[in-house]
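> The following block contains a protein sequence and its predicted model.
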Amino acid sequence: MAIYYIDGDFVAAEQAVIPVDDLAILRGIGVFDLLRTYGGRPYFLDAHIDRLEASAQKIGLTLPWSHDDIARVVKQTLAKNDIPEANIRIVVTGGSSTDFMTPSGSPRLLVLVSPVPRLPDHWYTKGVKIISWEVERPIPGAKSIDYISASLALKKAAAEGGIEALYIDRNGLAMECTTSNIFAFVGDRLVTPGRGILSGVTRKVVLELAQGLFAIDLRDISRTELLTADEVFITGTSKGLVPVVQVDDGVIADGRPGHRTRQLMAEMKRYTEKR
């Protein structure tokens, strides 16, 4: 039985509730961040809390907790659960509202833990398909709890045999996926979008590991250019680094994970094992 932290209390998962007048329920107002453990320890906890705080600022939520307060609650929640490797979801809600529109109470802090799901091995050995989805995040740099577009996109992806959906903006640019960042090897350069995205913590790790191995371009990349790339992969907290071998109906290169992608996967494995 999982134990969650809910607005000041540790409670069993099935007893975890918040008031129905919270703006998270009424208007989808809130932010979150997701991290995982490696070896039972939170992976880049400070970086994820930094992003949570930045997301809250972008949507106008003032947090009554310090960075250290949030970190302490996360560690306490993790300690109350016997989960070898856990996903940790930190949620800040908009708080209660008397008019059901504007905040009239303090935000609520929630920390939910669950086992890290086992992802299929073939994702990493054979690569995956993703689809494209024409949509733009209203506030790109904020990790908002409003995931309607993502939910619809992932439903469409699953129906077409894909595991992720790539957001394409009005100019035909590939931005990011619903819960992943996108990378491509174009010629001898590693390319990833550098603006208008939610910069993932795993994305930052990959960029650090790639320094000195490859030339790196942070720049716009169109869907058309992506389809002609030599290699494509996505990154995310739960999934790590996953080779992409198909986008919509277009096969990337020879349809197999590229050697540079596999090199970065090996670097990532060594990096996480050392932490």
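Happy to help now that I have it. Numbering: from 1, shown residues only.
> what comes up buried for stretch 30-49?
By neighbour count on 16 or more other Cβ atoms under 10 Å, the buried set for stretch 30-49 is 30-37, 42-45, 48-49. All C-beta spots, glycine's among them, are computed from the backbone N, C-alpha and C.
> what distance separates the start and the end of that stretch?
14 Å (Cα to Cα, to the nearest Å).
> follow-up on the earlier one: any chance of the buried residues of stretch 30-49 in TSV, plus pLDDT and distance to residue 71?
Shown next, in TSV, are the buried residues of stretch 30-49 (pLDDT from 0 to 100; distance: Cβ to Cβ, whole Å):
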residue	pLDDT	distance to residue 71
30	97	19
31	97	16
32	97	16
33	97	12
34	97	15
35	97	11
36	95	15
37	96	14
42	96	8
43	92	13
44	94	12
45	97	6
48	97	10
49	98	6
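> same for the helix or strand where residue 234 lies, what does it pack against?
Using DSSP states H and E, residue 234 maps to strand 231-236. Packing contacts for strand 231-236, counted by 3 or more Cβ pairs under 8 Å, 6 or more residues apart in numbering; DSSP states H and E, involve strand 181-186, helix 201-210, strand 240-247, helix 259-274.
> Residue 159 is nearest to which of these?
strand 240-247 (14.9 Å; Cβ to Cβ).
> if you average pLDDT over that closest one, what comes out?
In this model, strand 240-247 has a mean pLDDT of 98.
> and if you look at stretch 1-11?
The predicted model assigns stretch 1-11 a mean pLDDT of 96.
> buried sites along the helix or strand hosting residue 151?
Residue 151 belongs to helix 148-159 when assigned by DSSP H and E. Of all the residues in helix 148-159, those buried under the rule 16+ other Cβ under 10 Å are 149-150, 153-154, 157.
> Can you name the next helix or strand after it?
Following helix 148-159 toward the C-terminus (DSSP H and E): strand 164-168.
> Give me the helices and strands touching that following strand, please.
Looks like strand 164-168 contacts strand 128-134, helix 148-159, strand 174-177, helix 223-227 (3+ Cβ pairs under 8 Å, 6+ apart).
> what's it in contact with?
128, 130-137, 150, 153-154, 156-157, 174-180, 182, 223, 226, 234, 247 (Cβ atoms under 8 Å, 6 or more residues apart in numbering).
> Would you list the strands that that strand pairs with, along with their directions?
strand 128-134 (parallel), strand 174-177 (antiparallel) (DSSP bridges).
> just to revisit the earlier point, mind exporting the C-alpha coordinates of the helix holding residue 151 to CSV?
Provided in CSV are the C-alpha atoms of helix 148-159 (Å, rounded to 0.1, in the frame of the first residue of the first chain):
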residue,chain,number,x,y,z
ILE,A,148,-5.7,17.2,-22.4
SER,A,149,-3.8,17.7,-25.6
ALA,A,150,-1.2,15.1,-24.5
SER,A,151,-3.8,12.6,-23.6
LEU,A,152,-5.5,12.9,-27.0
ALA,A,153,-2.2,12.8,-28.7
LEU,A,154,-1.1,9.6,-26.9
LYS,A,155,-4.4,8.0,-27.6
LYS,A,156,-3.9,8.6,-31.3
ALA,A,157,-0.3,7.4,-31.1
ALA,A,158,-1.3,4.1,-29.5
ALA,A,159,-4.0,3.6,-32.2
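> Just the buried residues from the contacts of strand 164-168, in PyMOL please.
In PyMOL, a selection of the buried entries from the contacts of strand 164-168 looks like this (16+ other Cβ under 10 Å):
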select buried, resi 128+130+131+132+133+135+137+150+153+154+157+174+175+176+177+178+179+180+182+223+226+234+247
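> so what's the residue nearest in space to the middle of the chain closest to, chain neighbours aside?
With distances taken as Cα atoms, centre = their mean, the residue of the chain nearest its centroid is residue 179 (4.1 Å). Once flanking residues are discounted, residue 179 sits nearest to residue 236: 5.3 Å by Cβ to Cβ, 6 or more residues apart in numbering.
> Across the sheet, point out what pairs with that neighbour.
residue 240.
> my guess is it meets residue 202, correct?
Yes: if you go by Cβ atoms under 8 Å, residue 236 and residue 202 touch, sitting 5.8 Å apart.
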